[in-house]
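Engineer: Kindly return the folded structure for what I paste below:
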Amino acid sequence: MGTLNEYLEQKRKAIYARKAHFEQNGDQAVSKISASVRAAGRSGVREIRIRDFQVISDSQPDFAGYNLGPSSPELQLGVLGSCLTHIALIQAAEREVSLHSLEVTVEGEMNPLAGKPGYEEVPIYPHNIRYKLFIQSDESEEKLQALHEAIEQVCPIFNLLKNPQQIEGDLIISRSAVQTV
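Structural biologist: The predicted structure is shown next:
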């Protein structure tokens, strides 16, 4: 496997080809994304399906889980870190910023008493989320600071969490056939 800078050159070429394709196709460039999740019987493990991939989400034993995978809030932090990392690679490639290594760590807080009497003001969702972007590079501090600002400006998940949008939900009910004897 080559270096991160060799990958950034490959990434740069792919970005330019992708941009040209989407600019040529205009409104047809909008892509729909989706995921489906099914709770497995007996274990309650959540099987997340995205395209041809499956990810398992589970709880820790103290929450009736089997610790077979990360919890949903943990996955959310991982998704944020993954998106920040990917956007860092894209921005570095586009700006021709040399990177020797790149890593993102993300932390947040959850309180199991959130929303309960006496804890009504504590958020029930991950909060106090913070990340650290570790970059090893010979580039100037100004160039790396500009890279960081660009990452936060265009990272979709960072901006979704920072500026949430309205989410709509529908309940679809089906009944199992009841057999009478």
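Engineer: Assign a three-state SS to Ile56, would you?
Structural biologist: Under the three-state scheme (DSSP: H, G, I helix; E, B strand; the rest coil), Ile56 adopts strand.
Engineer: if I read this right, it contacts Leu68, doesn't it?
Structural biologist: Yes - between Ile56 and Leu68 there is a contact at 5.5 Å, judged by Cβ atoms under 8 Å. The C-beta positions use only the backbone N, C-alpha and C, and glycine is treated the same way.
Engineer: Need the overlap of contacts for these two.
Structural biologist: Residues touching both Ile56 and Leu68 (Cβ atoms under 8 Å, 6 or more residues apart in numbering) are Val45.
Engineer: what comes into contact with the longest helix anywhere in the chain?
Structural biologist: Longest helix in the chain by number of residues, with DSSP state H as the criterion: helix 72-95. Identification of contacts with helix 72-95 by Cβ under 8 Å, 6+ apart yields 7-9, 11-12, 15, 46, 55, 57, 70, 97-99, 102-108, 110, 125-126, 129, 131, 133, 135, 143, 146-147, 150-151, 154-158, 161.
Engineer: For the lowest-mean-pLDDT helix or strand in the chain, give me every contacting residue.
Structural biologist: Ranking every helix and strand in the chain by mean pLDDT, DSSP states H and E puts helix 4-25 at the bottom, with a mean of 90. The contact list for helix 4-25 (Cβ under 8 Å, 6+ apart) reads 29, 89-90, 92-94, 96-102.
Engineer: residues of stretch 80-96 that come out buried?
Structural biologist: Buried residues in stretch 80-96, counted by 16 or more other Cβ atoms under 10 Å: 80-81, 83-94.
Engineer: Adding pLDDT and distance to Gln166, write the residues you listed out as a markdown table.
Structural biologist: A markdown table is the format used below for those (pLDDT from 0 to 100; distance: Cβ to Cβ, whole Å):
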| residue | pLDDT | distance to Gln166 |
| --- | --- | --- |
| Leu80 | 97 | 20 |
| Gly81 | 97 | 25 |
| Cys83 | 97 | 21 |
| Leu84 | 98 | 24 |
| Thr85 | 97 | 28 |
| His86 | 97 | 25 |
| Ile87 | 97 | 24 |
| Ala88 | 97 | 29 |
| Leu89 | 97 | 30 |
| Ile90 | 97 | 27 |
| Gln91 | 98 | 28 |
| Ala92 | 97 | 33 |
| Ala93 | 96 | 33 |
| Glu94 | 96 | 31 |
